[in-house]
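Engineer: generate a structure from the sequence data that follows.
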Amino acid sequence: MIAQKLASLGLTLPEPAKPSFNYAAVTLHNGIAYVSGQMPKVDGEVRVFGKVGAEVSLETAREEARICILQGLACLAEALGDLNRVDRILKVNGYVASAPGFNAQPKVLDAASDLLVAIFGDAGRHARAAVGVAELPRNAAVEIEFIASYTD
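Structural biologist: Residues are numbered from 1 along each chain as shown. Next up, the predicted model:
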């Protein structure tokens, strides 16, 4: 059902990214899946660099947020074996590399939230934090982590 929803939206999941450092992409514990911070990688590489509000436009940052979610869902699908096991998206934390004076981080994260609701319906609605930061790894513009509940 989730695969059909993705297809109906014209979306395909990328290959799940492998962590570059000492952590797990997803930790499963007592029905809760913790998805590590996902970079907006296309074909395994971050392709947009810089701070939102300077080198990166709001619209580009919103697309980067969508890429982060798809990357996280790919990792979650690998960990669960099937995204149909996702019961609900509980929380999304998004980090936006922000130029001085840029304060539209919630607009960037709305793209991620909208995508999760489009895929999971009401089960995709979640609590959220949208945080502006000075720097992100690899000079990426956006990084997103999320928490989901799942069924056995």
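
Engineer: the lengthiest helix in the chain packs against which elements?
Structural biologist: As assigned by DSSP state H, the longest helix anywhere in the chain is helix 58-80. If contacts are counted by 3 or more C-beta pairs under 8 Å, 6 or more residues apart in numbering; DSSP states H and E, helix 58-80 sits against strand 26-29, strand 32-38, strand 41-42, strand 86-97, helix 105-120, strand 142-150. Placement of C-beta: from N, CA and C, glycine included.

Engineer: chain center to the following helix or strand past the fifth one, what's the gap?
Structural biologist: This points to helix 105-120. Using DSSP states H and E, the helix or strand that follows helix 105-120 towards the C-terminus is strand 127-133. Relative to its chain's centre, strand 127-133 lies at 12 Å (C-alpha atoms, centre = their mean, to the nearest Å).

Engineer: compare the mean pLDDT across the helices and strands packed on helix 58-80 and name the weakest.
Structural biologist: Set side by side, the helices and strands packed on helix 58-80 differ in mean pLDDT, and strand 41-42 is lowest with a mean of 94.

Engineer: so how far is the longest helix of the chain off the chain centroid?
Structural biologist: With C-alpha atoms, centre = their mean, you get 4 Å for helix 58-80.
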